[in-house]
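S.K.: Sequence unavailable; structure follows:
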């Protein structure tokens, strides 16, 4: 699977984990050049507290376009640190 935005591949892995229709990419599969930490956090009742990244490519910023659970609840422990995308980031083969 690949995640791309603004003509750049920001993550690529054949070991994503699908949860609720979202592909979660292993932490070592994201290209750190394109990620900047965000101060945004949200809470999921069964996964826990999510943290976000802005995706930045060629000077264009996609605010909070990636999220991850640094310390998920037990039910979601398999996605600890894994990164998922939305807000126009294309995920596919």
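M.R.: It's in. Here the structure is a predicted model, which is why all the values come from computation and not from measurement. Numbering: from 1, shown residues only.
S.K.: quick one: the strands in the chain?
M.R.: 2-5, 8-12, 17-19, 22-24, 35-44, 48-57, 60-68, 83-85, 90-92 (DSSP state E).
S.K.: So which of these is nearest residue 77?
M.R.: strand 48-57 (9.6 Å; C-beta to C-beta). C-beta coordinates here come from the backbone N, C-alpha and C atoms, glycine included.
S.K.: name the helices or strands packed onto the closest one?
M.R.: strand 8-12, strand 35-44, strand 60-68 (3 or more C-beta pairs under 8 Å, 6 or more residues apart in numbering; DSSP states H and E).
S.K.: for those strands, which one sits closest to residue 23?
M.R.: strand 8-12 (9.0 Å).
S.K.: What pLDDT does the model give the closest residue to residue 12 other than its chain neighbours?
M.R.: Using C-beta to C-beta, 6 or more residues apart in numbering and skipping residues adjacent in sequence, the residue nearest residue 12 is residue 2, 4.8 Å away. pLDDT for residue 2: 98.
S.K.: which residues does residue 2 contact?
M.R.: Counting by C-beta atoms under 8 Å, 6 or more residues apart in numbering, residue 2 makes contact with 9, 11-12, 90-93.
S.K.: Closest one of these to residue 21?
M.R.: residue 91 (10.2 Å).
S.K.: Just list whatever residues bridge to that closest one.
M.R.: residue 3 (DSSP bridges).
S.K.: Isn't it up against residue 23?
M.R.: Yes: at 5.2 Å, residue 91 counts as touching residue 23 under the criterion of C-beta atoms under 8 Å.
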